[in-house]
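In: Sequence and predicted model, in that order:
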Amino acid sequence: MKRRFLILVVSLISFLSCEDVIDVDVPTSEPRLVIDASLNWFKGTTGNEQVIKLTLTAPYFNDGVPPANNAQVTVSDENGNVFQFIEEDNTGLYYNDSFIPEINGIYNLNIVYQNETYIATETLLGVPEIDFVEQNLEGGFTGEDTEIKAYFTDPVDEENYYFFEFIPNIPIIPTLDTFKDEFVNGNQIFGFYVEEDLNPGDEVIIRNHGVSKRFYEFMYILLQQTGESGGPFETQPATVRGNCMNITNPDNYPLGYFRLSEVSQVNYIVEP
């Protein structure tokens, strides 16, 4: 009897310890260029130093995102200035330290990568100062979250669009949000942030960017797709196209966006 019991236990352990390796055939496609050309003019600075990041799409299970090396990157303005961006150490990061920002100035991006030319056009839009910040340590649905409101005054008789970043100094994902002044034109309004893991003494970098209507719509759709998990019967996310195009080979379109913004920033310390 004991022998039979021992054989049963050994057999059960052997069964549980078996692992089958299943190879998943994940569809792949040719890599596309991803353009992160966000030129930010922070209030109180010259705005001369700018960086553009170029990467390539990669399979889902890849460990990292490959940089797009050896591209020719320039930005030009209406005044005939051409700003050349130079790559640093094969990182896919292209730098320029002589950029000239101008509110409502129109700028053109030109990228030549692997003998194909990518272009985009955008306007550098201004943004109001952040007037003040309020907090509530008993916010959210639970009454235990930290709420932060960053107030600013929207310009009168203008159609404005905003892009907010809330970046905490603790290891949690920053919060991004978009806003338009359709129903609050000319009023004092606020960007809103709520986080359960914030405590007194923590720091949050608050940034408000002035953006175009097209970028607002692009980011709004992108945030809707990435911010909701969705169910098995819901419409699956589609590729969100930015304002960059490939004029050499339109079928090989890039991902990403060319954006220029004036930025109002406040470094806020959570109070007790």
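Out: Right, received. Where do you want to start?

In: burial count for Val75?
Out: 24 (other CB atoms under 10 Å). For glycine as for every other residue, the C-beta is placed from the backbone atoms N, C-alpha and C.

In: from memory it sits against Leu109, does it?
Out: Yes: the pair Val75 / Leu109 is scored as a contact, 5.5 Å apart, by CB atoms under 8 Å.

In: joint contacts of those two?
Out: Common contacts of Val75 and Leu109 (CB atoms under 8 Å, 6 or more residues apart in numbering): 37, 52.

In: which residues of this protein score low on pLDDT?
Out: Within the chain, the segments meeting pLDDT under 70 span 1-28, 60-61, 227-238.

In: Tell me which residue is most central in it.
Out: The residue lying closest to the centre of the chain (CA atoms, centre = their mean) is Leu176, at 7.5 Å.

In: Chain neighbours aside, what residue packs nearest to Leu124?
Out: Computed as CB to CB, 6 or more residues apart in numbering, the closest residue to Leu124 that is not its neighbour in sequence is Leu260, at 3.8 Å.

In: so what's that neighbour up against?
Out: Residues in contact with Leu260, defined by CB under 8 Å, 6+ apart, are 39-41, 101, 105, 107, 122-125.

In: what's around the residue nearest to Cys244 when sequence neighbours are not counted, how many residues?
Out: Nearest residue to Cys244, sequence neighbours excluded (CB to CB, 6+ apart): Ala120, at 4.3 Å. For Ala120, the number of neighbouring residues by other CB under 10 Å comes to 21.

In: Roughly how far does Ala120 sit from Leu39?
Out: 11 Å (CB to CB, to the nearest Å).

In: and the residue nearest to Asn208 when sequence neighbours are not counted, what helix or strand is that in?
Out: Leaving aside its chain neighbours, Asn208 sits nearest to Ser264 (4.8 Å; criterion: CB to CB, 6+ apart). If you go by DSSP states H and E, Ser264 is part of strand 255-269.

In: Buried residues of that strand, list them for me.
Out: Residues 255-265, 268 are the ones in strand 255-269 that count as buried (16 or more other CB atoms under 10 Å).

In: same question, stretch 100-114
Out: Those would be 101-102, 105, 107, 109, 111, 113, for stretch 100-114 by 16+ other CB under 10 Å.

In: Take those residues and keep only those in helices.
Out: Among the buried residues of stretch 100-114, no member falls in helices (DSSP state H).

In: residues in contact with stretch 210-221?
Out: With contacts defined as CB under 8 Å, 6+ apart, stretch 210-221 is touched by 122-123, 125-127, 159-163, 176, 178, 180, 240-243, 257, 259, 261-263.

In: ok, of the residues you listed, which come out buried?
Out: Neighbour counting over these (16+ other CB under 10 Å) leaves 122-123, 125-127, 160-163, 176, 178, 180, 240, 242-243, 257, 259, 261-263 as the buried ones.

In: could you pull out the strands for the stretch 101-250 of the chain?
Out: Secondary structure of the stretch 101-250 of the chain (DSSP state E, counting those that start in this stretch): strands at 106-113, 116-123, 130-139, 145-153, 161-168, 175-180, 188-195, 203-211, 245-246.

In: Thank you, goodbye.
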